[in-house]
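Peer 1: all I have is the shape, not the residue letters:
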């Protein structure tokens, strides 16, 4: 397994490429990773689980697109930004979203058809239109008091979603 990376101005690193066939992705321990670049793991159907390092603050677009066997992902506690389609078309069933992510933008969880449960932590403020578009198995979303805006199109294409206030 190998990663390609480049330095960013704050002294941390952006992972720009991945070559490997492991079912569980192990990130490099010798560098501080702050960004997962666009399409980093796109199409890696062999990946089943990922624990993103706590130092990651940004997840680019299409990072996990088409990782159809990815059933377990742990988002970092200091995540600030996820681009559109960051976690699209995966097989996760449950996701916990850290409160450091203030908005869930359009299409982040597009077509995650196995996703059943979403837990959003205190600090998150809004869910934008199409954030969970076509997540056809999604039934339960747990939201904190800090969440003040949910677009009426946030769950478009979802069969039946119940919002639970924590």
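Peer 2: Cool, got the structure. In this text the structure is predicted, and so the values were computed from the model without any measurement. Numbers count the residues shown, from 1 in each chain.

Peer 1: so the residue nearest the centre of the chain: helix, strand or coil?
Peer 2: In the chain, the residue lying closest to the centroid (C-alpha atoms, centre = their mean) is residue 87, at 4.5 Å. Three-state assignment for residue 87 (DSSP: H, G, I helix; E, B strand; the rest coil): coil.

Peer 1: quick one: the helices in this protein?
Peer 2: Ranges of helices within the chain: none, based on DSSP state H.

Peer 1: which residues of it score low on pLDDT?
Peer 2: 1 (pLDDT under 70).

Peer 1: can you give me the end-to-end distance of stretch 48-58?
Peer 2: 21 Å (C-alpha to C-alpha, to the nearest Å).

Peer 1: and what of stretch 8-28?
Peer 2: First-to-last residue span, stretch 8-28, C-alpha to C-alpha: 16 Å.

Peer 1: cool, stretch 54-61 as well?
Peer 2: By C-alpha to C-alpha, the extent of stretch 54-61 from end to end equals 19 Å.

Peer 1: give me the contacts around that stretch.
Peer 2: When contacts are defined by C-beta atoms under 8 Å, 6 or more residues apart in numbering, stretch 54-61 is touched by residues 12, 32-40, 52, 76-87. Where you see a C-beta, it was placed from the backbone N, CA and C, and this is true even at glycine.

Peer 1: filter these down to the buried ones.
Peer 2: 12, 33-40, 52, 76, 79, 82-87 (16 or more other C-beta atoms under 10 Å).

Peer 1: just those residues: which are in strands?
Peer 2: 33, 34, 35, 36, 82 (DSSP state E).

Peer 1: can you count the residues close to the closest residue to residue 112 other than its chain neighbours?
Peer 2: Distances taken as C-beta to C-beta, 6 or more residues apart in numbering put residue 135 closest to residue 112, at 5.0 Å, once the chain neighbours are dropped. Residue 135 sits with 25 neighbouring residues when counted by other C-beta atoms under 10 Å.

Peer 1: you'd agree residue 135 is up against residue 159?
Peer 2: No - applying C-beta atoms under 8 Å, one finds residue 135 not in contact with residue 159, separated by 9.1 Å.
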